[in-house]
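*Asks:* Show me how the following folds:
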Amino acid sequence: MSLLSAEGETLIDMVEHGQMRLSRELVERIARSFAALTEYLDELLLGEPPQPLYLFPYYRELLEARGAERVHPADLFVVPVAAQLVVGNATVRERDAAELAAARARFERGLLQLLRNPVDAAAIGEMYAAIATVGTSQVGARHPTFWNVALAYFEALRDGAIELDVYGKRLLARMNLQLRRSIVDGAPFAERLMKDALFALARADETKATVTPLVAEVRRAFRVEGSVPPDFEVPRFGRFDARAVAAAREAIGRAKPAWEKLVRGSQADMAGFAQSIAALRAAVARLPGDGVRALAEAFTETSRVLALGSATVSESLALEGASALLFAEQAFERGLKGQRDVDARAAEMAVRLTQTAAGSPPGEAMPQWLRELSHAAQDRLTMASFIAEAQGSLRSAEQALDSFFRDPGQRADLPQTLRQLNQVAGALQLLDHADAAAAAAGIAQRVQGFVADEAVPSAEDCELVASSLGALGFFVDGLQRPGRSGARFAFDPASGRFSAELRESRREPQAVVIALDAPVLPEGEPAAPETAESLLAGHSQRAGELLGSLQRAPNDAALRDELRQTLAQMRDDAQLVDDGALKTKASEAIALLDAGSDPGDASMQARLADLAGVHPTPETVAEAEPPRDEAEIDSELLEIFLGEAQEVLAAIAEAAAQSRQAPADPVFLTTIRRGFHTLKGSSRMVGLEEFGEAAWSMEQVLNLWLAEERAGSQALYGLIGLACGSFGQWVDALQRHARLRIDPSPMIAAATALRESQPHEAAFLALAAQAQSGEIVEPVEQPPEEPRPVEAVETVETVETVEAIEAIEAIEPVEAVEAVEAIDVVEAVEAIEAVEAIEVVEAVEAVEPAGAADEVRVGDHSISRPLYDIFLSEADDLIRNLVSDGEAWLDEPTRPATQAAQRAMHSLKGSAALVALDDVHALAEQLESFLLRQRASGRPAGTGDLSNYARAIERMQAMLHRFAAGGVPRDESEALALAYALAARWDPHNEPRSQAELVPADPVSASELDEELLPIFIEEATDYLPQIGENLRRWLDVPADRSVQQVLMRHLHTIKGSARMAGAMELGQLVHEMETRIEAASVLTVVPTALIEELIADYDGAVAMFEAIRDPAARAGIGAPSSAPATKVAASGAASGAESAAEEIVREAEPAASSAAQVATAGPAEAARRDAAGAGASAGPAIPGAAIAARAAAAATGAAAAALVRVRADLLERVVNESGEVSIARSRLDNGLGQLRQSLQDLTEN
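*Replies:* Got it, this is the predicted structure:
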């Protein structure tokens, strides 16, 4: 991979320096190579064994584009074992110079004959005899491994196991050179030459490669059998349209659940299955492979047969269909790699599926490969189940232990933790992960000690248990990746520590010593032999030293002659190792010396150094400059930053020019803000604090502009232009000298003046004067005279959180402690990034306001800083994805809403609730309902709906921008009304129906209660539901109480399982969602009260559903005639006005939006109460917007369970199933994010 990427970089550099013309063909070659790298990495992630030779076709293209002299696949060949072959002394003979010279002449004679006639067996025999003579002489005894490999190569060539291709002819020519250098100069062997010979032996014909014992022994010693795939020269990557493969994969993902429902008898999903198969067929049509297309046609035929028939799916067809979908899923998940096998097996599956659909299942049994595929899928499901269970147990144990370590009095959960750890240990032992199982058992043993001993555990025990438990969690997470083993995790029984080596060392080939005909192996491990490559490195270093000396003494003839000799040795070494470029450079350097040019000429010496491929090495090391602010700037990171800064500044300038043309478009200002944000973070990472502060001041200006939706002004563009000029000068200066001091105060002053609406002309002039004077930087000669504020504080003891560091540094002066409250809360966004620039900070125990950095205050709400930072980062990505998806939807209005948009909207809704952004939460909730309903309807959305949807997202983005700037989002009643209108327009309940279709709704009608298990469920729910309510109220009083969370999750889990077993699927799903939200919130230090209040509202809905299930009379009474008329009137009014409601809201935005906003602000529970209170007084709300809002809020809390609604049973079942799948997926994502956040916190503390 490094060779391929380096070659691409070389070509780009040549184009940049004018050494090569940029053509379409060159661009396509580079693009193909990097696309191949991406696919290759995807294969590795899927568990495929690494095989770099598959990249050779793309590597060859790049080398040919550059005109490289050596183009050989052995460059990508990895020798599995670095073997050293030894021979007995009896096989070595002393040979005089004449005999060795005769052998050399014999080899050259045979080589000439073979080049004239490639099938001349006598010529091969001559060369073989010469190699055998040298290999058994004192010359060969110095490097027995190389000469035995060479002898094995000629044996295989003699026996016809190796074809003499262009690579073989080049190898023979270099072998002749090696022979001459070894006999005449005693030169070591070239490691690349031996690798080329091993590559040829690896490709040898298997049937002929074992004829001679030596060939078989060498292949076995280096383990090269099967290490070279036969089709490595055929392009493997980029053969398939990536978009078509992705479309096919998505279509199969939709077809699988639809097929499962069809098998269960749900004919309503026939349309969904047919649509998925049609999408699969369209995608496969763009891919090569007759078998894959035949399988798509078989799916289409099966869909047609099922659509025409009314009978249920037969057992044989269900099995064949599921097997075919499983095969297709696996094939497209791997990108159709291994095309020949995939195509043949796809054709076989197509035949079996077509026959079964026609009513004549195949008589033969399922093929073995399909059985293995099914077993592998079952194993993956089993492993996934174990991993999920283990992750849950470890997460629960970690939370219980964390509470115990913080407060040793919280011991109630330790026995449960002990049981969970023992279960994990037993499961890991069954899976043959001995070290991990021992680690889990060791942790359990220490927890047992905590339970038995009432004393407070020591800090060392706490740290040991915490680190081992964290490593165990990483190990279990790694089991999800195929091919992953526990090799990088180790358990130390002496200390009881289970640790992970997160830095994976470079994998070197295993080194072994093998005796060919020696009676015993030599004692000790033989040292690595000297090679031509090591000799070349020494000559190159010596040439650099001589060039440095020649610069100081340009008229020294002895130095000049020695340099020429060294360059000649480099040239010969380069020829031996087949480095054509270095050989050419060394030859040109020699010619330059022989031309008699003036050695004192600086340009001549620079050219000489470049041609020789070396750089002058000074004899003395210059005195190191003083460190910059006690921290060394890593030169490599600094180089990367400077290159990135140039690109970012160019992007900012381009966006500023575009923004001048469209000042009201926030997209360009967002790009500029993101650019300054990048400069700020990257500069702080390399220790350029002043650079970062200047960029931060510019980012604050753009944050304000975006939050208040201001159009670009001349003052803003003037500041951006001045800032880009200053940043550009700083970057140029830093490229010349890394130890420079930047004065950011003029830029900060100008940005502050503009941001705070103060007179800014003088500040702008000062910034422009600084740039024009050129005195913007100065070398660092000594540390700053005044110490930094934090360093001046003497009462330093502890820091509770890393986030507090930036707030402490921002206090200037220290005495003005109360000024901390006035710090702009927007700075909290980058608190984590700024930590990396600080080496040693001691906490200020006496400075009380430093704790204020733990929270960010927005309006009347206080939010923990980590939660605030995480929300802003997540919301920025989510809203950007939603905007892009909305624009794409406007371009393609016939497609349905995407799953990605649904997931993003759902995540944004949940995240907004966590940070108490009620308006954003309400807006996202209604937009999510619109997306779900539009996708389920199968009808295309109109242009008006899409425009309203885009407008609502735009307003939501503005609200988030203002929140990021530290302000309370403005009232967006119009956007909220639009969202309610969209959700109502696509509500299937609002479709016009006749009065005959109005039937009483049973809250458990879709649940088919099990009468035998129902009493057990009712008994358990009667016991647990009151406890859940009491614990929720206790949690509301003390949100930081973690023990309540654990008890709630256990009780909710019990209720969920019982409800589902009894058939109360809706209640089970509601309880499951409550459990999931509590689990997701368990990673937070302080849980927002808004979340607990929503859980209480959900609990009220669950209790209402349970009462309806427990009381059969209440269930029957729901449809009593006394309640029917009012409900019918309300439903009729809603149905007749469904189409006009949204239009009326748009026309009368202000009154409707006001009512909707009141309902949304009141929260779901309050909205439900208002809806219930108003149900008896009126057939429907007077204002359509308020009616929609009230109905949506009531439905969200389950308070409308007693209303009469029109629901198709099949649609309800589909919604319930899909909502369960979505909840499971979100739970997994939340768990993953929770682990990531915890890991980041651990890293921060360390």
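*Asks:* Show the contacting residues for D343.
*Replies:* For D343, the contact set (C-beta atoms under 8 Å, 6 or more residues apart in numbering) comprises G289, D290, G291, V292. Any C-beta I mention is one placed from the backbone N, CA and C, and that applies to glycine too.
*Asks:* Pull up the per-residue confidence for R628.
*Replies:* Per-residue pLDDT puts R628 at 41.
*Asks:* swap in G1163?
*Replies:* 42.
*Asks:* returning to what we had before: include neighbour count and distance to F1106 when you put the contacts of D343 into CSV, please.
*Replies:* Formatted as CSV, the contacts of D343 follow (neighbours: other C-beta atoms under 10 Å; distance: C-beta to C-beta, whole Å):
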residue, neighbour count, distance to F1106
G289, 20, 55
D290, 12, 57
G291, 21, 54
V292, 27, 51
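*Asks:* which ones among the residues you listed are found in helices?
*Replies:* Judged by DSSP state H, helices contain the following of the contacts of D343: D290, G291, V292.
*Asks:* out of the residues you listed, who's nearest R24?
*Replies:* Checking these against R24 by C-beta to C-beta gives V292 as the nearest, at 31.0 Å.
*Asks:* Roughly how far does that closest one sit from L214?
*Replies:* Distance from V292 to L214, counting by C-beta to C-beta, to the nearest Å: 46 Å.
*Asks:* Any chance of JSON lines for the ones in helices among the contacts of D343, columns pLDDT and distance to E25?
*Replies:* JSON lines is the format used below for these (pLDDT from 0 to 100; distance: C-beta to C-beta, whole Å):
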{"residue": "D290", "pLDDT": "83", "distance to E25": "31"}
{"residue": "G291", "pLDDT": "84", "distance to E25": "33"}
{"residue": "V292", "pLDDT": "85", "distance to E25": "31"}
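*Asks:* Reformat those as JSON lines; add distance to S227.
*Replies:* Converted to JSON lines, the ones in helices among the contacts of D343 look like this (distance: C-beta to C-beta, whole Å):
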{"residue": "D290", "distance to S227": "32"}
{"residue": "G291", "distance to S227": "29"}
{"residue": "V292", "distance to S227": "30"}
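*Asks:* Which of these lies at the shortest distance from G675?
*Replies:* Proximity of these to G675 was ranked by C-beta to C-beta; the top entry is V292 with 44.8 Å.
*Asks:* Report the contact partners of that closest one.
*Replies:* V292 sits next to V284, A331, L336, V342, D343, A346 when contact means C-beta under 8 Å, 6+ apart.
*Asks:* Most neighbours among the residues you listed, please name it.
*Replies:* The residue in the contacts of V292 with the most neighbours, by other C-beta atoms under 10 Å, is A331 (28 neighbours).
*Asks:* moving C-terminal of the strand or helix carrying it, what's the next helix or strand?
*Replies:* According to DSSP states H and E, A331 maps onto helix 315-333. Using DSSP H and E, the helix or strand that directly follows helix 315-333 along the chain is helix 339-357.
*Asks:* Now do that following helix: distance to the chain's middle.
*Replies:* A distance of 34 Å separates the centroid of the chain from that of helix 339-357, by C-alpha atoms, centre = their mean, to the nearest Å.
*Asks:* Can you point out the buried residues in stretch 1069-1088?
*Replies:* Using 16 or more other C-beta atoms under 10 Å as the test for burial, stretch 1069-1088 gives 1069-1084, 1087-1088.
*Asks:* Counting only helices, which of these make the cut?
*Replies:* Residues from those lying in helices, with DSSP H as the criterion: 1069-1081.
*Asks:* Please dump these into CSV; it should also carry distance to A74 and pLDDT for every row.
*Replies:* Putting those into CSV (distance: C-beta to C-beta, whole Å; pLDDT from 0 to 100) gives the following:
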residue, distance to A74, pLDDT
Q1069, 60, 82
L1070, 63, 86
V1071, 63, 86
H1072, 57, 83
E1073, 58, 81
M1074, 61, 87
E1075, 58, 83
T1076, 54, 79
R1077, 57, 79
I1078, 59, 85
E1079, 53, 77
A1080, 52, 72
A1081, 57, 73
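*Asks:* Can I get those in JSON lines including distance to R411?
*Replies:* Below are those laid out as JSON lines (distance: C-beta to C-beta, whole Å):
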{"residue": "Q1069", "distance to R411": "35"}
{"residue": "L1070", "distance to R411": "33"}
{"residue": "V1071", "distance to R411": "28"}
{"residue": "H1072", "distance to R411": "30"}
{"residue": "E1073", "distance to R411": "31"}
{"residue": "M1074", "distance to R411": "27"}
{"residue": "E1075", "distance to R411": "24"}
{"residue": "T1076", "distance to R411": "28"}
{"residue": "R1077", "distance to R411": "27"}
{"residue": "I1078", "distance to R411": "22"}
{"residue": "E1079", "distance to R411": "22"}
{"residue": "A1080", "distance to R411": "26"}
{"residue": "A1081", "distance to R411": "23"}
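*Asks:* which one of the residues you listed sits closest to D432?
*Replies:* E1079 (30.1 Å).
*Asks:* Would you mind giving the contacts of V292 as JSON lines with distance to A121 and pLDDT added?
*Replies:* Listed next are the contacts of V292 as JSON lines, based on distance: C-beta to C-beta, whole Å; pLDDT from 0 to 100:
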{"residue": "V284", "distance to A121": "52", "pLDDT": "84"}
{"residue": "A331", "distance to A121": "47", "pLDDT": "82"}
{"residue": "L336", "distance to A121": "44", "pLDDT": "67"}
{"residue": "V342", "distance to A121": "43", "pLDDT": "80"}
{"residue": "D343", "distance to A121": "42", "pLDDT": "78"}
{"residue": "A346", "distance to A121": "47", "pLDDT": "85"}
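*Asks:* Just send the residues you listed back as JSON lines, with distance to R552 too.
*Replies:* Below are those laid out as JSON lines (distance: C-beta to C-beta, whole Å):
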{"residue": "V284", "distance to R552": "71"}
{"residue": "A331", "distance to R552": "67"}
{"residue": "L336", "distance to R552": "63"}
{"residue": "V342", "distance to R552": "66"}
{"residue": "D343", "distance to R552": "69"}
{"residue": "A346", "distance to R552": "72"}
